[in-house]
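Student: Prediction below, plus the sequence it came from.
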Amino acid sequence: MERLTAKKHVVLPRHHDGAAAALAWRAEELFREHQRAIYRRTDRLFAALMPLQWLGSVAAALWLSPLTWQGTTSEMHPHVIAALVLGGLITVFPVALALTSPGAALTRYAIATGQMLMSGLLIHVMGGRIETHFHVFGSLAFLAFYRDWRVFLPATLVVAGDHLLRGIFWPQSVFGLAAVSPWRWLEHAAWVLFEDVFLLISCRQSVREMRDIAWQRASLEGTNHRIEAEVATRTAELKAAQEENLQIARRAGMAEVAIGVLHNVGNVLNSVNASTSLIGAKLRNSATADFCQATDLLEQHLQEAGEFIARDPRGKHLPRFLIELSRHVASEETALLEEVESLTRSVEHIKEIVAVQQDYARCVNLVEEVAVDELIDDALRMNLAALDCSGIEVQRDFDALPRVHLDKHKFLQIVINLISNAKRAVIEAPARERRITVRLKRDRQSGIRVEVSDNGIGIPPENLTRIFAQGFTTRKEGHGFGLHSAANLASELGGRLTVDSDGLGAGATFTLQLPTHSTGSYHDRPIHSGAGA
Amino acid sequence: MRRAAACGWLTAVLAGLAAMIDRDVTPGEGAAPPSAYPREVLAPAATDRPTLLMFAHPRCPCTLASLNELRQILQTCPDAADVRIYFRTPATPSHEWMQTELWQEAAALPDTTLVADTDGTIAKRFGVATSGHVLLYGTHGELRFSGGITGARGHAGDNAGRSAVVAILSGTSTVGQRSSTFGCPLFDGKTHRKETCCPP
């Protein structure tokens, strides 16, 4: 019956899908849950109320008719016994059900029945007082707390049955008259029905409101779930995008390093090329050929070498020629050795540059003990050729700092990025003294502070807040990854990257603040190694 | 199991209620009042109007309902009868025996005379054995009504006895009537008096 009623209110859309069915199911579940809570709560209410009214009936009986008399002797009045025993019997079963089976239908019906039986007992104990009849109507109102119209059935049946049976067997006990109309009981029952009607309407409205609330809660839950799912999806997408951006930024950072390396290698290769050209030219123009001609001439006159040198005009010049030639060859050899040494240095330089690149490319996420000033010098060296070509003066202002633990790959990427950024800023500025200042300072708050200042084009105030945003760039060929990547890397290192500029044309200062983990206090720190290159 | 327990519980409660109701609607011992007012025993207060006598046990809780019914009779038919209430007292009544709620309630009734019926002497002369019993004698001393004016023990509300008394006092009925009396016994042990029917 209840299920049918529930279905009646679950109006599904014509083309209801799984979501609508789930919503209806959830609304029904919430409604049932609310209903059970009300049943249990009202059961507990009656579990407390019924013993109290039992005690009240005993007290009333003791007050009104404590004793019954027979002449001069007395004994306990039967009403007291009835209130005590019968009242207890009426009370104990519903209360036991309310305590052991709260929320069960039988509990509600037993309570409704017990309440009406207690009304009958109270009315009787109170001598049929009209006022006591209000207990019936009060009990009905309390039963309405269940918001279950079915509890009025046993209650009304008990009242009607009580009057019917009394009308049949003891009419004077209820109607005061021995001979009354056989339908008189209906008049009494009708007053109960009268109240029932209003209580039923109230219950129906309450149930309807409960269903509305359940629907609203179910809808709200559905909305919340959808929002949570959407948030989860978006969060996952954002994380994926962030990871992707991070990889792009790292690749961009690696590219910056690679470009720097290639630039430097290219510059060194120029030297190598010049050296090899010079060596080739020197070898091609070497006096070795003259030395061969002299030795050939001497070989032709080997039998008469003394006479040839003494008398022949060519022979007379030959010793001087050989002396001069040997000196010249020695000079050439010295020059060639110098060029070869230069060539060797250039090759070593290329090797070193490549080794640095390989080192940084291989050691991702590796925290190791480093000298920060040396790392900064490496970064400067990688940009040195480009800086020299552009006529940029680099000033170093380094404090003496202890070695610290760092992921030098990330650190170098940041610094190279900042130097590269500063280089572009000063190149784009109107021609004047181009200067980049790199400072390494001890920072009281964080640990170390690396500042890369330039006197370049500067940054307008409106760009200061978004310069680290992904994709933000003011250059046509820029991607907006460099500074974003550098800022992310700074965060990964536990520090932060900030920028300061007084506006366009006023240059800019990028400050990298990093926590220090000096060698002495850093030994127990684990080294995190990531995927190698 | 629970349903069986519920059925058992309901049966027990209904049986208890039935027993209680049955006890309360079981009338007290009947009366054998004289059919004519015994002037040799007790002089009537007035001869121009009926005499209504109520016999009461001053400590019977059921009789409070009888007094309330009597009040309604007197309100319905004011000055229609000479009303006397005889409170049965022990041979040597104590103060506590006399000062009861019933005395106070009876004293508040209009035009009513309260009489201490020492050891129930008057009640015995009138053959009455149950508290709340009412005798109504006509102006000629004939017994017009004998019985109680409540429907059950201590039970207020419409009842045949009260209706009969009102009908007689208001003159709408001329026949003698009787009803059962519900109240405490006035005397120790049953007197086994047999109630006699009122003369027409």
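Tutor: Thanks, I have it.

Student: can we go C-alpha only for contacts and neighbour counts from here?
Tutor: OK.

Student: Tell me which helix or strand in chain B has the weakest average pLDDT.
Tutor: helix B:95-98 (a mean of 78; mean pLDDT, DSSP states H and E).

Student: Run through the neighbouring helices and strands of the strand or helix carrying residue A:198.
Tutor: Assigned by DSSP states H and E, residue A:198 belongs to helix A:184-284. Using 3 or more Cα pairs under 8 Å, 6 or more residues apart in numbering or on different chains; DSSP states H and E, the elements in contact with helix A:184-284 are helix A:18-64, helix A:134-143, helix A:152-169, helix A:313-362, helix A:372-389, helix A:408-428, helix A:482-492.

Student: Could you export those helices to a markdown table, including columns for mean pLDDT?
Tutor: A markdown table is the format used below for the helices and strands packed on helix A:184-284 (pLDDT from 0 to 100):
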| stretch | mean pLDDT |
| --- | --- |
| helix A:18-64 | 92 |
| helix A:134-143 | 91 |
| helix A:152-169 | 86 |
| helix A:313-362 | 79 |
| helix A:372-389 | 80 |
| helix A:408-428 | 86 |
| helix A:482-492 | 84 |
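
Student: Need those helices in CSV (columns: distance to chain B).
Tutor: Shown next, in CSV, are the helices and strands packed on helix A:184-284 (distance: least, Cα to the nearest Cα, whole Å):
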stretch, distance to chain B
helix A:18-64, 7
helix A:134-143, 16
helix A:152-169, 9
helix A:313-362, 79
helix A:372-389, 84
helix A:408-428, 76
helix A:482-492, 69
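
Student: Indicate which one of these is closest to residue B:159.
Tutor: helix A:152-169 (13.4 Å; Cα to Cα).

Student: For that closest one, name the packing helices and strands.
Tutor: Using 3+ Cα pairs under 8 Å, 6+ apart, helix A:152-169 sits against helix A:105-125, helix A:134-143, helix A:171-174, helix A:184-284.

Student: give the contact list for residue A:454.
Tutor: Neighbour list for residue A:454: A:422-423, A:425-426, A:434-437, A:507-509 [criterion: Cα atoms under 8 Å, 6 or more residues apart in numbering or on different chains].

Student: do that again at 7 Å, thanks
Tutor: A:422, A:426, A:435-437, A:507-509 (Cα atoms under 7 Å, 6 or more residues apart in numbering or on different chains).

Student: Could you export those residues to JSON lines, including columns for neighbour count?
Tutor: Converted to JSON lines, the contacts of residue A:454 look like this (neighbours: other Cα atoms under 10 Å in any protein chain shown):
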{"residue": "A:422", "neighbour count": "26"}
{"residue": "A:426", "neighbour count": "26"}
{"residue": "A:435", "neighbour count": "21"}
{"residue": "A:436", "neighbour count": "24"}
{"residue": "A:437", "neighbour count": "17"}
{"residue": "A:507", "neighbour count": "22"}
{"residue": "A:508", "neighbour count": "25"}
{"residue": "A:509", "neighbour count": "24"}
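
Student: Now flag whichever of those residues is closest to residue A:404.
Tutor: After measuring the contacts of residue A:454 against residue A:404 - Cα to Cα - the closest member comes out as residue A:437, at 22.4 Å.

Student: Now do the longest helix belonging to chain B against helix A:105-125: the angle between them, please.
Tutor: If you go by DSSP state H, chain B has its longest helix at helix B:2-24. Using axes from the mean of the first three to the mean of the last three Cα atoms, to 10 degrees, the direction of helix B:2-24 lies 10 degrees away from that of helix A:105-125.

Student: Any regions of chain B where pLDDT drops low?
Tutor: B:41, B:44-46, B:190-200 (pLDDT under 70).

Student: Point out the residues in it that sit beside chain A.
Tutor: Listed as neighbours of chain A in chain B under the rule Cα under 7 Å from any Cα of the partner chain: B:13, B:16, B:25, B:59-61, B:90, B:151-152, B:154-160, B:184-188.

Student: Can you give me the distance of the residue positioned nearest the centre of chain A to chain B?
Tutor: Note on chain A: the residue nearest the mean C-alpha position is residue A:235, at 7.5 Å, using Cα atoms, centre = their mean. Taking Cα to the nearest Cα, to the nearest Å as the measure, residue A:235 falls 55 Å from chain B.

Student: Next secondary structure after the least confident helix or strand of chain B?
Tutor: Counting by DSSP H and E, what follows helix B:95-98 is helix B:101-107.

Student: Report all helices and strands that that following helix contacts.
Tutor: Packed against helix B:101-107 by the contact rule (3 or more Cα pairs under 7 Å, 6 or more residues apart in numbering or on different chains; DSSP states H and E) you find no helix or strand.

Student: Run through who's touching it.
Tutor: By Cα under 7 Å, 6+ apart, helix B:101-107 touches B:58, B:64, B:67.

Student: hmm, back to that, need the residues that contact the helix or strand just after the longest helix of chain B.
Tutor: Per DSSP H and E, the first helix or strand lying C-terminal to helix B:2-24 is strand B:51-56. Strand B:51-56 has contacts (Cα under 7 Å, 6+ apart) with B:44, B:63, B:81-88, B:123, B:131-138.

Student: So which of those residues belong to helices?
Tutor: Counting by DSSP H, the contacts of strand B:51-56 contribute B:63, B:123 to helices.

Student: In strands, which of the contacts of strand B:51-56 appear?
Tutor: B:82-88, B:133-137 (DSSP state E).

Student: With adjacent residues omitted, what lies nearest to residue 168?
Tutor: Assuming you mean chain A. residue A:182 (7.7 Å; Cα to Cα, 6 or more residues apart in numbering or on different chains).

Student: um, chain B though
Tutor: For residue B:168, the spatially nearest residue (Cα to Cα, 6+ apart) is residue B:174, at 6.2 Å.

Student: Filter the contacts of strand B:51-56 down to the buried ones.
Tutor: Buried by 16 or more other Cα atoms under 10 Å in any protein chain shown: B:44, B:63, B:81-88, B:123, B:131-138, out of the contacts of strand B:51-56.

Student: before we move on, back to that, check the secondary structure at the residue nearest to residue B:168 for me.
Tutor: coil (DSSP: H, G, I helix; E, B strand; the rest coil).

Student: Reformat the contacts of helix B:101-107 into JSON lines and put neighbour count and distance to residue A:404 next to each item.
Tutor: Compiled in JSON lines, these are given as follows (neighbours: other Cα atoms under 10 Å in any protein chain shown; distance: Cα to Cα, whole Å):
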{"residue": "B:58", "neighbour count": "26", "distance to residue A:404": "109"}
{"residue": "B:64", "neighbour count": "28", "distance to residue A:404": "105"}
{"residue": "B:67", "neighbour count": "24", "distance to residue A:404": "109"}
